[in-house]
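Novice: I'll drop the sequence and a predicted model, then ask my questions.
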Amino acid sequence: MKKAQVVFIPFPAPSHLVSTLEFAKLLINHDDRLRITILLMKFPHTPDTDVYTKTLPISDSLNFINLPECSLPPDTKPNSAMHALIEAQKPNVKQAVSDLTSEEGQLAAFVVDMFCTNMIDIAKEFSVPMLVFFTSGVASLGMNLHLHTLRENVDLNQLLQLTEFSIPGFANSVPSYSLPGSVLSKEWEFFFMSYCRGLKNADGIIVNSFEELESYSVQSFYSHPELAGLPIIYPVGPILNPEPKIKGTVDSDDIIKWLDDQPPSSVVFLCFGSLGSFDEDQVKEIAHAIENSGARFMWALRKPKPKGVMAAPTDYPLSELVSVLPEGFLDRTNGIGRVIGWAPQTQILAHPATGGFVSHCGWNSTLESVYFGVPIATWPLSAEQQTNAFQLVHELKIGVEVALDYRVEFNGGPNYLVTADKIEKGIRSVLDKDGEVRKNVKDMSEKSRKTLLEGGSSYIYLGRLIDYIMNQV
């Protein structure tokens with residue numbers, strides 16, 4: 001049987017890489033006529049990709065190629081570094097794909113991460129379609145495309161005066177503070193405009209979401225005049241790994257054991273993603289809120305990276321942890337809660353004791369929370385998290401608000417301090433056993449588990465996508 005060769009180019013950040021690898025697995029499990037080769041880029045300051053690729057079964061249908069590392073001129077600005085690194089990888093990608101096509105399997109398509117759309121030139125050289133893998137939701141995709149169109153036609157200074165936007169894919173007007181920082185910024189203009197142009201030039205966009213979750217947004221791609229002429233979308237999510245290989249540390253076993261002893265839906269889990277951290281003043285406000293709420297808790301608290309350094313947060317040594325928390329906090333909360341560092345997030349969310357999630361609203365975390373039926377208290381930090389938070393609270397009604405307009409500037413600080421009373425209110429609402437939000441998220445959880453099964457909407461979209469790929473051969 002002749003296989004159709006599909007080349008994947010993921011973006012090397014963990015939040016993008018993990019869902020891309022899961023999607024590759026989903027495709028080959030669904031149809032054995034596909035052969036996927038994943039080209040792995042290494043960027044300075046991104047974690048080693050081996051951690052994620054090691055857990056995947058290498059087979060005749062799935063293989064990896066590590067591309068040579070590229071470095072940048074020392075004076076490259078952060079807002080153009082990503083684009084420059086991807087540009088620098090083009091010759092390596094071209095070489096790897098040429099070698100592949102001479103060996104076996106006819107090349108059918110490229111699947112590139114949403115941030116790697118400047119690889120379209122290479123797809124054109126090989127005369128195959130370029131599909132984009134969009135690691136956020138359908139509403140977020142619609143917002144990017146709409147704001148790109150606006151910026152091509154309206155002066156940025158005029159847009160900056162607006163306090164709210166009517167955006168296809170959102171039933172409500174979206175306040176300007178809920179838009180990602182990069183979309184209306186002069187500094188990120190080159191990045192944003194070229195990224196969205198790439199989305200519009202794609203032959204199709206695969207979205208890590210599902211129609212039942214974002215039905216209004218999905219429909220707008222068929223009915224709204226501004227979106228109807230754009231690339232076809234394939235919402236094939238939720239793409240997540242519900243049973244990830246755990247790091248296998250003593251800590252993670254210990255965390256799960258502690259949860260085993262707690263009543264159902266009683267624990268609030270606070271976790272802010274692989275890049276989330278807070279300064280000491282904010283940590284103290286969170287601690288006071290937790291203590292005043294009286295709730296059982298699991299708090300993943302990370303130490304911020306040094307100022308001006310490109311690096312991820314790390315875990316606090318115990319001696320430092322004691323000094324950033326209010327005096328006596330660990331003694332007073334001993335037994336009702338745990339302060340931890342790195343967290344086995346999926347397993348905590350899957351645990352019956354977990355009743356609420358205070359989250360930065362990254363899209364992967366949002367999908368996991370929905371899948372396991374855990375309501376979210378929104379506390380966005382950066383990227384498109386403010387938009388996701390707005391969507392969870394006002395559009396989908398499966399989240400409660402801690403903050404919607406909190407924002408950490410790239411290489412800068414937060415725009416304000418969230419006070420303990422606001423955080424405490426969020427913790428109490430998210431744990432409310434009889435709240436409408438809990439009922440909504442439980443309903444959506446059931447839908448998220450059915451959508452990839454035969455007859456579900458994501459299953460149908462996946463079939464259409466595979467038909468499209470196979471028709472290229």
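Specialist: Looks like it arrived, so ask away. Being a predicted model, the structure only gives us computed values, none of them experimental.
Novice: Every contact and neighbour count from this point should use C-alpha atoms.
Specialist: OK.
Novice: Near residue 68, how many other residues are there?
Specialist: Residues lying near residue 68 (other Cα atoms under 10 Å) number 12.
Novice: Tell me the spacing between it and residue 133.
Specialist: 23 Å (Cα to Cα, to the nearest Å).
Novice: how much distance is there from the longest helix seen in the chain to the middle of the chain?
Specialist: Assignment by DSSP state H gives helix 78-103 as the longest helix of the chain. Put simply, helix 78-103 sits 23 Å off its chain's centre (Cα atoms, centre = their mean, to the nearest Å).
Novice: Ok, stretch 316-333 next?
Specialist: That offset, for stretch 316-333, works out to 31 Å (Cα atoms, centre = their mean).
Novice: Next, the buried residues of that stretch.
Specialist: Using 16 or more other Cα atoms under 10 Å as the test for burial, stretch 316-333 gives 316, 321, 324-326, 330, 333.
Novice: just stretch 185-200 next, same as before
Specialist: For stretch 185-200, by 16+ other Cα under 10 Å, it's 189, 191-196, 198-200.
Novice: just stretch 108-122 next, same as before
Specialist: For stretch 108-122, by 16+ other Cα under 10 Å, it's 108-120, 122.
Novice: sorry, back to before: take the buried residues of stretch 316-333 and write them to TSV, including secondary structure, pLDDT and distance to residue 147.
Specialist: Output for those, formatted as TSV (DSSP: H, G, I helix; E, B strand; the rest coil; pLDDT from 0 to 100; distance: Cα to Cα, whole Å):
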residue	secondary structure	pLDDT	distance to residue 147
316	coil	95	40
321	helix	95	42
324	helix	97	41
325	coil	98	41
326	coil	98	43
330	helix	97	46
333	coil	97	46
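Novice: And those residues, which is closest to residue 62?
Specialist: Closest approach to residue 62 among those (Cα to Cα): residue 316, at 38.0 Å.
Novice: which ones are touching the closest residue to that closest one other than its chain neighbours?
Specialist: Leaving aside its sequence neighbours, residue 316 sits nearest to residue 303 (Cα to Cα, 6 or more residues apart in numbering; 5.6 Å). Residue 303 makes contact with 277-278, 313-316, according to Cα atoms under 8 Å, 6 or more residues apart in numbering.
Novice: Please apply the same query to residue 123.
Specialist: 109-110, 129-130.
Novice: Now do the contacts for the residue nearest to the spatial centre of the chain.
Specialist: Nearest to the geometric centre of the chain sits residue 363, at 3.6 Å (Cα atoms, centre = their mean). By Cα under 8 Å, 6+ apart, residue 363 lies in contact with 135-137, 385, 388.
Novice: Over to residue 465?
Specialist: residue 234.
Novice: where does residue 280 fall, phi/psi-wise?
Specialist: phi -60, psi -40 (degrees, to the nearest 10).
Novice: Distance of the nearest residue to it once chain neighbours are set aside relative to residue 339?
Specialist: Leaving aside its sequence neighbours, residue 280 sits nearest to residue 324 (Cα to Cα, 6+ apart; 5.7 Å). Using Cα to Cα, residue 324 is found at 12 Å from residue 339.
Novice: now residue 3
Specialist: From residue 3 to residue 339 the distance is 50 Å (Cα to Cα).
Novice: Next: residue 398.
Specialist: 26 Å.
Novice: Residue 152 too?
Specialist: 47 Å.
Novice: what does residue 416 give?
Specialist: In terms of Cα to Cα, residue 416 sits 24 Å off from residue 339.
Novice: ditto for residue 263
Specialist: As judged by Cα to Cα, residue 263 and residue 339 stand 19 Å apart.
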